[in-house]
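# Take this sequence and fold it.
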Amino acid sequence: MIVLVTDFGLEGPYVGQLMRVFHEQAPGEPVVTLFADAPAWNAKACAYLLPPYARDFPAGTVFTCVIDPGVGSHIHAPAAVRCDARWFVGPDNGLFELVRRRARKVSNFRIAWRPPGMSASFHGRDLYAPTAARLARGGQEGLEPADGLRFGDWPDDLTEVVYIDHYGNAMTGLRASQLDRRADLLVGTVRVRPAHTFAAVARGEAFWYENANGLVEIAVNQGRAADALRIAIGDRIRAVPPA
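A predicted model of the protein is given here:
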């Protein structure tokens, strides 16, 4: 299948224009919109979301990832990366750093193919979507082996908020497996205790928990953590001993 990860939002024509390419050039392939509201212009935050959310998709899945504030500038090469049995297509701007790092086998390619009349500002539609459609059909034309750009100074786990969902829950780039389950978290000056489920705390109380994809997430039972704790993407968290 083809999986779409963008910061386009669902309003406006952009996701629909990519869908048109997929249905036209890879008819019959299922298309899943995983994130349409990925952190805008923030390849680093998205890099920490990709591994936990990609892991359950089957072998052969092609992820079309368009978080590209440098589109048209030639700052980062258009890339196709095979990590184990899944493909990731998009700008080589750090988006694929963590999926590369956590994969057993990685192959890096540069997208050398260019369509006629490619626009300067919509490579998602003109370059990445056709490449993803070709890969979904089993073809690799237009790809050349290359060394992927690495971001070695990025940590394996990011102790920052990387995504805020529709409910105001704040996901971090920290895997819960790397944190003492008894620890509290400091979010700014607010101390947040751990809980296993939302119902384990009182209504309106903040807590942290391991979300369904293995990340540390900060929430409020029947409330919006982002509003109650004034959390924004990029805010740092810190583990402290329980009070």
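# any idea how the chain splits into domains?
The record's domain split for the chain, according to automatic domain parsing, is 2-145, 158-240.
# can you put these in TSV and add mean pLDDT and mean neighbour count?
In this view, the C-beta of every residue, glycine as well, is placed from N, C-alpha and C. TSV is the format used below for the domains of the chain (pLDDT from 0 to 100; neighbours: other C-beta atoms under 10 Å):
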stretch	mean pLDDT	mean neighbour count
domain 2-145	97	18
domain 158-240	97	17
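# got the end-to-end distance for stretch 205-222?
Using C-alpha to C-alpha, to the nearest Å, one end of stretch 205-222 lies 9 Å from the other.
# cool, and stretch 122-142?
19 Å.
# same check, this time on stretch 3-16
Calculated as C-alpha to C-alpha, the first-to-last residue distance of stretch 3-16 is 14 Å.
# starting at the chain centroid, how far to it?
14 Å (C-alpha atoms, centre = their mean, to the nearest Å).
# likewise stretch 72-87?
That offset, for stretch 72-87, works out to 14 Å (C-alpha atoms, centre = their mean).
# where do the strands sit along this protein?
2-6, 31-35, 62-66, 78-83, 86-91, 106-111, 143-145, 158-164, 170-175, 184-187, 190-194, 206-210, 215-220, 237-240 (DSSP state E).
# Reformat those as TSV; add distance to E97.
TSV is the format used below for the strands of the chain (distance: least, C-beta to C-beta, whole Å):
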stretch	distance to E97
strand 2-6	14
strand 31-35	17
strand 62-66	12
strand 78-83	10
strand 86-91	11
strand 106-111	11
strand 143-145	19
strand 158-164	11
strand 170-175	11
strand 184-187	24
strand 190-194	28
strand 206-210	23
strand 215-220	16
strand 237-240	20
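# wait, which of those strands is closest to S121?
strand 62-66 (11.7 Å; C-beta to C-beta).
# got the angle for that closest one vs strand 31-35?
Orientation check (axes from the mean of the first three to the mean of the last three C-alpha atoms, to 10 degrees): strand 62-66 against strand 31-35 gives 50 degrees.
# Bridged to V66, which residues?
Beta-bridge partners for V66, by DSSP bridges, are T6.
# who touches P69 in this structure?
W41, A43, N93 (C-beta atoms under 8 Å, 6 or more residues apart in numbering).
# one step back: please tabulate the domains of the chain in JSON lines and include distance to G152 as additional columns.
Below are these laid out as JSON lines (distance: least, C-beta to C-beta, whole Å):
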{"stretch": "domain 2-145", "distance to G152": "8"}
{"stretch": "domain 158-240", "distance to G152": "14"}
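# what about stretch 114-133, how long is it end to end?
14 Å.
# Make 3 the starting number, not 1.
OK, 3 is where the count begins now, so the last one is stretch 116-135.
# From the chain's centroid, how far away is it?
20 Å.
# How about stretch 137-157?
Taking mean C-alpha positions (C-alpha atoms, centre = their mean), stretch 137-157 and its chain are 16 Å apart.
# Tell me which residues are up against that stretch.
By C-beta under 8 Å, 6+ apart, stretch 137-157 touches 3-4, 24, 27-28, 31, 46, 49, 62, 64, 78-79, 81-83, 89, 91, 94-96, 98-100, 102, 108-115, 133, 136.
# now the end-to-end length of that stretch.
With C-alpha to C-alpha as the measure, what separates the two termini of stretch 137-157 is 30 Å.
# just stretch 62-77 next, same as before
OK, stretch 62-77 end separation, C-alpha to C-alpha: 29 Å.
# quick check, distance from that stretch to the centre of its chain.
Distance, centroid of stretch 62-77 to centroid of chain: 12 Å (C-alpha atoms, centre = their mean).
# about what we covered before: looking at the strands of the chain, spot the one closest to A228.
Comparing those by their distance to A228 (C-beta to C-beta), the top pick is strand 160-166, with 4.8 Å.
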